[in-house]
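Visitor: pasted the sequence and its predicted model underneath.
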Amino acid sequence: MLQAVMVAPGKIEFREIDIPKLNPGEVLVKMKMIGVCGSDIHVYHGKHPFTSYPVVQGHEISAEVVETMGVDEKEFKTGDKVTVQPQVVCGECYPCKHGDYHICDNLKVMGFQVDGMAAEYVAVDYKKLIKLPDDMSFEEGALIEPLAVACHALGRSSLEIKDKKIVVIGAGPIGNLVAQTAKAKGALRVIISDVSKERLRLAEECGIDITVNPLEEDLKSVIYKEFGHDGADLILDCAGTQKTVRDIVNIARKGSEIIIVAVFPEEIYVNMGIVQDRELKLIGSLMYKREDYFEAIRLLADKKKYTSKIITDFFDFKDYKAAYEMIEEKKDSAMKVMIKFD
């Protein structure tokens with residue numbers, strides 16, 4: 001079978017290897033779809049702070065079970081549609097022992113610190129598999145992981161999202177899904193901001209209430225106009241730049257929460273004087289827990305989301321590198337790019 005290996009930034013090699021042999025408690029899955037993530041793109045450019053090379057990528061996936069060993073059929077059986085929760089945790093550190101395994105002191109993530117799933121077949125511990133509904137497409141299945149990111153990010157707030165006024169900075173795939181998830185959870189109104197007209201157009205198609213291009217409009221003025229003098233109840237940064245953080249801190253309502261969802265490729269400056277003076281709450285959000293996957297599946301199954309609209313391109317597995325090249329060439333229009341195996 002073929003396996004794709006990123007041997008250095010911007011360089012992918014395909015290797016012919018044996019189909020994995022199973023150990024007890026493992027499941028062999030046949031890969032169907034891999035979504036290209038923003039963090040994958042950082043790796044491609046050599047800018048992911050926690051990834052070294054060579055690395056096998058692939059963590060936003062859907063697959064089909066083809067073989068099991070020592071796994072109860074009530075858990076998984078041949079033909080099941082599945083996705084994978086790609087965190088590898090120690091189970092022994094303080095976060096793990098207190099239910100926060102997603103921020104394990106020794107956290108490794110498939111596709112970054114350990115091999116991911118960019119191969120035709122992959123052996124997976126059955127405990128990391130999550131079953132997908134039979135009527136869910138493999139394209140939708142590969143969106144469950146980023147949708148779980150959105151569910152977890154909104155869950156990091158102390159607020160009930162229902163009837164709240166939300167601002168999302170960044171209308172890329174994660175920002176779009178965060179905004180859609182806020183709507184699905186009953187947010188009163190959602191503003192999304194981005195400098196890409198194409199991404200803002202897509203956000204409108206996905207049912208987001210208000211779109212703002214900060215190159216053309218003042219975001220703070222739009223927030224006051226649309227939300228009133230009290231401003232936003234919650235702001236989420238899904239862009240991850242020095243400018244977005246500076247702007248968010250300046251426009252946040254006193255005493256309000258800011259959720260940091262984006263992965264930052266470099267260190268940034270935060271005006272902590274403003275954070276202190278206004279009692280702002282900066283809250284990090286990393287990945288997800290298992291329950292976030294289940295919520296993502298429920299949201300998609302309930303047809304409360306427009307996720308398929310964010311899939312803009314498909315590439316065959318052997319054209320993996322071409323997908324990255326296209327993303328680089330069409331930064332404004334490429335959203336969720338899928339690598340397909342059949």
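Guide: Sure, I can see it. On a predicted model such as this, the values are computed, not experimentally measured, just so you know.
Visitor: in the stretch 101-250 of the chain, which spans are strands?
Guide: In the stretch 101-250 of the chain, the strands defined using DSSP state E, counting those that start in this stretch lie at 108-109, 121-125, 129-131, 165-169, 189-193, 210-212, 234-237.
Visitor: so which of those strands comes closest to Leu280?
Guide: strand 234-237 (9.6 Å; CB to CB). The C-beta positions use only the backbone N, C-alpha and C, and glycine is treated the same way.
Visitor: figure out how far the closest one is from the centre of its chain.
Guide: Centroid displacement of strand 234-237 relative to its chain, using CA atoms, centre = their mean, to the nearest Å, is 16 Å.
Visitor: would you mind listing the buried residues in it?
Guide: Residues Leu234, Ile235, Leu236, Asp237 are the ones in strand 234-237 that count as buried (16 or more other CB atoms under 10 Å).
Visitor: on that earlier part again, for the strands of the stretch 101-250 of the chain, could you give me CSV that also reports distance to Glu145?
Guide: Output for the strands of the stretch 101-250 of the chain, formatted as CSV (distance: least, CB to CB, whole Å):
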stretch, distance to Glu145
strand 108-109, 11
strand 121-125, 14
strand 129-131, 9
strand 165-169, 19
strand 189-193, 21
strand 210-212, 25
strand 234-237, 18
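Visitor: rewinding a little: which among the buried residues of strand 234-237 gets closest to Cys151?
Guide: The closest of the buried residues of strand 234-237 to Cys151 turns out to be Leu236 (CB to CB; 12.3 Å).
Visitor: circling back: of the strands of the stretch 101-250 of the chain, which is nearest Val275?
Guide: Here strand 234-237 is closest among the strands of the stretch 101-250 of the chain (CB to CB), at 13.0 Å.
Visitor: with respect to Lys318, which of the strands of the stretch 101-250 of the chain lies nearest?
Guide: strand 121-125 (15.6 Å).
Visitor: helices or strands up against the closest one?
Guide: On a contact count with 3 or more CB pairs under 8 Å, 6 or more residues apart in numbering; DSSP states H and E, strand 121-125 meets strand 26-36.
Visitor: for the strand it packs on, output the C-alpha coordinates as PDB.
Guide: Only the C-alpha atoms of strand 26-36 are listed here, as PDB (Å, rounded to 0.1, in the frame of the first residue of the first chain):
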ATOM      1  CA  GLU A  26      -6.800  -2.700  17.000                       C
ATOM      2  CA  VAL A  27      -9.000  -2.100  14.000                       C
ATOM      3  CA  LEU A  28      -7.800  -1.900  10.400                       C
ATOM      4  CA  VAL A  29      -9.400   0.900   8.500                       C
ATOM      5  CA  LYS A  30      -9.400   1.800   4.800                       C
ATOM      6  CA  MET A  31      -9.000   5.500   4.400                       C
ATOM      7  CA  LYS A  32     -11.700   7.400   2.400                       C
ATOM      8  CA  MET A  33     -11.100  11.100   3.000                       C
ATOM      9  CA  ILE A  34      -8.500  13.300   4.600                       C
ATOM     10  CA  GLY A  35      -9.200  17.000   5.200                       C
ATOM     11  CA  VAL A  36      -6.300  19.400   5.000                       C
END
